[in-house]
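K.L.:
Quick one, what's the 3D model for this:
(one chain, ligands or ions: 1)
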Amino acid sequence: MKQESNYARSLIEASLDPLVTISTEGKITDMNQATINITGINREHLTGTDFFEYFTEPRKARKVYKEVFAKGFVADSPLTLRHKGGKLTDVLFNGSVYKDNEGNVLGVVVVARDITEQKIVSTALTEAMVFAEMATSIAEEAKTKAEKATKIAESAVRAKQQFLSNMSHEIRTPMNAIIGFTKVLLKTDMSVRQKEYLSAIKLSGDALIVLINDILDLAKVDSGKMIFEQTPFRLSLSISAMLHLFEAKIREKNLELIKEYDPEIPDVLVGDPVRLHQIILNLVSNAVKFTSKGTISVSVRLLSQDDKKVNIEFSISDTGIGIEKSKLKKIFENFQQATSGTSRLFGGTGLGLAIVKHLVEAQNGEISVESKIGEGSTFSFALDFLKTDAQAGAETELFDPELKEDIKNIKVLVVEDIPLNQLLMKTLLDEFEFECDIAANGKIAIEKLEAGAYDIILMDLQMPVMNGFEATDYIRKKMKSKIPIIALTADVTTMDLDKCKAVGINDYVSKPVDERVLYAKMLKHLKKSKGQTHQKSQNNNSKRLKCTDLNNLNRRTKSNPQLMMDMISLYLEQTPPLIMAMKKSMREKDWDTLYATVHKMIPSFSIMGINPAFEQMARKVQDYASANRETDEMPEMIHQLENVCFQACEELKEDFNTIKKQNHD
Ligand code: ADP
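P.N.:
Numbering: from 1, shown residues only. Next up is the predicted model:
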């Protein structure tokens, strides 16, 4: 018995949690050491006292142990025990009744688990959760604020962009007139002094336009709106044309220009020739500006290449004033010049190199400079260009000084609302010896176009009543006319090139109009369209140009009328079936037949004196056909060949009748 009792005692004492037995009256009958420790009251004093007295909430404690008697057990009821010294201990109260051998309830055994540690952990957890929630809400608030700030910043950038673009438009329009008329005036007779004054006006005007363009470019780069074209172009031609612009200046300053061009560079590359032009132009212009004797060297080297692309290094060196070492980094920042006197001595705004750096870096290149005061500077940058099999467009020829073409009897429709600009365009076109008609908006332009024949349209974009986009859209879609349309735009920055292309504008020239650029672009498009069937309205037959020329046939047949008539009949007989066969084989993508058909047509072009451009076009079709390749240009070329051949047939029929008549008379 003693042994059993010892055993029970050891079990009770083994528990680190307080363990208490209570009589049916709620009096403590026994306890372990842990209970004594947690209450701070010894066994004698605890025994026989009310169990619930030791809790902070005695009523709740009483309720709980009553529940044990009622239900037979209770689990995990939270209560707080009070130590006699005042210290409180949180416990979870678990209890169950114990009975005698007959099943009579004798009392309750209660275990109170000390949950102080868990409480600490759970409080910490709750706190952490509260903190986390707070942090989340702070973060969310910050995010909302940041989003708001971004929106404000974005709208500020947009406002800046809009402001700059509006300003540029407002400034460029009158500048266009000022510079344009100054140029016109400079060509008239006037005293030396007057010429001097006018030249000064023109120089200032030019400088202002450069500044506006620079600021606009920077704004565009800043707002990430700078778009780089990917067009095929001939690099060597582009470089020579560019350097040609400096020849006069270099000669004037008695400098020597050295050009090194790596012959390994493929002829045609794909990239943005206009931006490349801008970069090199800035660097060469600085080199010339800051050099008073010696040489300017421009070297273009192939650094590396693979199947797809080439990496080319451009270096522009001079023997000029040089740049102080400490300033080498600064000069690439906005509005930075190497010395405070630079602007006074050499002019400039300190924007050029900042733009150059942006333009190079935006194309994944890098620009560097080496310089020694008094000895000179070298600016170098390398860019990647894609390789291509395609032919270069005529864009690079734009600056080709050799570009001269005798295009006569050209009638231009100028669509422009501002009277000053109208007059200026008229003056320019008079100089090109082009005939000119003016329409003050798109609507008037369409009326004029419906009534008469024109070779090309120069179209302002922003106009009242009907703007340039709407007018072009109408001309292309409703009138189905392919007449070349060149947009005249004051603001290249915000001009939507995609929109221009989408409505069918062929090209654009920015204002103030550089007459050489305008002339070159007009020639390019006239040349292209002259190759096509004549664009003038079909209702104006009197003005229609002949596409055939019998001089060659005359020569070949030694003006034998019968032979001439035979040749013409042969042409008239053969050509229509050949055209049909050409169209059919194109439709059916039967490249062999297409090749053979066009091959048969080719000799007749030169015999009948048809513009050689068509013979070339036919050869191109033949080349594509032999390579089994269909290109986007092909349907249009076939269409043009068809038109010219039909027109030739019409003309030759008349010629045939004339010869016949003359020889019968
Ligand atoms: P700008 O020429 O309009 O002042 P840039 O940004 O083109 O502006 O050039 C910034 C400055 O860098 C110039 O003002 C000049 O001090 C210096 N710099 C640029 N190129 C040269 C050069 N080739 N030789 C000497 N100094 C140069």
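
K.L.:
switch to C-alpha atoms for all contacts and neighbour counts from now on
P.N.:
OK.

K.L.:
My reading is that residue 649 lies in a strand. Confirm?
P.N.:
No. Going by DSSP: H, G, I helix; E, B strand; the rest coil, the assignment for residue 649 is helix, not a strand.

K.L.:
What residues does it make contact with?
P.N.:
By CA atoms under 8 Å, 6 or more residues apart in numbering, residue 649 lies in contact with 571-572, 575.

K.L.:
could you dump these to a markdown table with distance to the ligand?
P.N.:
Converted to a markdown table, the contacts of residue 649 look like this (distance: CA to the nearest ligand atom, whole Å):
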| residue | distance to the ligand |
| --- | --- |
| 571 | 63 |
| 572 | 64 |
| 575 | 61 |
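
K.L.:
Out of those residues, which sit inside helices?
P.N.:
Judged by DSSP state H, the contacts of residue 649 include 571-572, 575 as members of helices.

K.L.:
Pull the helix or strand containing residue 498 out as PDB, backbone CA atoms only.
P.N.:
Using DSSP states H and E, residue 498 sits in helix 497-503. Output of helix 497-503 as PDB, limited to C-alpha atoms (Å, rounded to 0.1, in the frame of the first residue of the first chain):
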ATOM      1  CA  LEU A 497       6.000  58.700 -89.100                       C
ATOM      2  CA  ASP A 498       3.900  55.600 -88.800                       C
ATOM      3  CA  LYS A 499       0.700  57.600 -89.400                       C
ATOM      4  CA  CYS A 500       2.400  59.300 -92.400                       C
ATOM      5  CA  LYS A 501       3.300  55.900 -93.900                       C
ATOM      6  CA  ALA A 502      -0.200  54.500 -93.000                       C
ATOM      7  CA  VAL A 503      -2.100  57.100 -95.000                       C
END
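
K.L.:
Tell me, please, the helix or strand in the protein that averages the lowest pLDDT.
P.N.:
In the chain, no helix or strand scores lower on mean pLDDT, DSSP states H and E than helix 342-346, which sits at a mean of 62.

K.L.:
any idea which helix or strand comes after that helix?
P.N.:
Next along from helix 342-346, by DSSP H and E: helix 352-362.

K.L.:
What is the nearest of the contacts of residue 649 to residue 159?
P.N.:
Distance to residue 159, by CA to CA, is smallest for residue 575 among the contacts of residue 649, at 61.5 Å.

K.L.:
how near is the closest one to residue 653?
P.N.:
12 Å (CA to CA, to the nearest Å).

K.L.:
The two - which one has more neighbours?
P.N.:
residue 575 (20 against 17; other CA atoms under 10 Å).

K.L.:
Isn't the more buried one up against residue 644?
P.N.:
No. In this structure, residue 575 is not within contact of residue 644 by CA atoms under 8 Å, at 11.0 Å.

K.L.:
Quick check: pLDDT value at whichever residue of the stretch 51-200 of the chain sits closest to the ligand.
P.N.:
Using CA to the nearest ligand atom, the single residue of the stretch 51-200 of the chain nearest to the ligand is residue 200, 18.5 Å away. pLDDT recorded at residue 200 is 80.

K.L.:
List the buried residues of stretch 585-595.
P.N.:
585-586, 591, 593-595 (16 or more other CA atoms under 10 Å).

K.L.:
Kindly check the end-to-end length of it for me.
P.N.:
9 Å.

K.L.:
so the one residue in the stretch 151-300 of the chain that gets nearest to the ligand, which of the three states?
P.N.:
The ligand sits closest to residue 287 of the stretch 151-300 of the chain, with a gap of 3.8 Å, by CA to the nearest ligand atom. Under three-state DSSP, the three-state class of residue 287 is helix.

K.L.:
Okay, buried residues for stretch 107-126 please.
P.N.:
107-115.

K.L.:
Ok, stretch 16-30 next?
P.N.:
17-23, 26-30.

K.L.:
Kindly export it (C-alpha atoms) in PDB.
P.N.:
What follows is stretch 16-30, C-alpha atoms only, in PDB (Å, rounded to 0.1, in the frame of the first residue of the first chain):
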ATOM      1  CA  LEU A  16       6.400  20.200 -14.000                       C
ATOM      2  CA  ASP A  17       2.900  21.600 -14.300                       C
ATOM      3  CA  PRO A  18       0.800  22.300 -11.200                       C
ATOM      4  CA  LEU A  19      -1.300  19.300 -10.300                       C
ATOM      5  CA  VAL A  20      -4.100  19.600  -7.800                       C
ATOM      6  CA  THR A  21      -6.900  17.300  -6.500                       C
ATOM      7  CA  ILE A  22     -10.100  18.900  -5.400                       C
ATOM      8  CA  SER A  23     -12.900  17.500  -3.300                       C
ATOM      9  CA  THR A  24     -16.500  17.600  -4.400                       C
ATOM     10  CA  GLU A  25     -16.900  20.700  -2.300                       C
ATOM     11  CA  GLY A  26     -14.100  22.500  -4.200                       C
ATOM     12  CA  LYS A  27     -11.500  22.200  -1.400                       C
ATOM     13  CA  ILE A  28      -7.900  21.300  -2.300                       C
ATOM     14  CA  THR A  29      -7.100  17.800  -1.100                       C
ATOM     15  CA  ASP A  30      -3.600  17.300  -2.500                       C
END
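
K.L.:
Not counting its own residues, what contacts that stretch?
P.N.:
12, 31-36, 38, 46-52, 65, 69, 105-114.

K.L.:
switch to 7 Å and redo it
P.N.:
12, 31-32, 34-35, 46-51, 106-114 (CA atoms under 7 Å, 6 or more residues apart in numbering).

K.L.:
What of stretch 465-479?
P.N.:
441-443, 459-462, 481-482, 503-505.

K.L.:
Kindly report the residues of the stretch 151-300 of the chain close to the ligand.
P.N.:
286-287, 290 (CA under 6 Å from any ligand atom).

K.L.:
what about burial for those, which qualify?
P.N.:
Buried among these by 16+ other CA under 10 Å: 286-287, 290.

K.L.:
Now render those residues as TSV, adding pLDDT and distance to residue 311.
P.N.:
Converted to TSV, these look like this (pLDDT from 0 to 100; distance: CA to CA, whole Å):
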residue	pLDDT	distance to residue 311
286	91	24
287	94	24
290	92	29
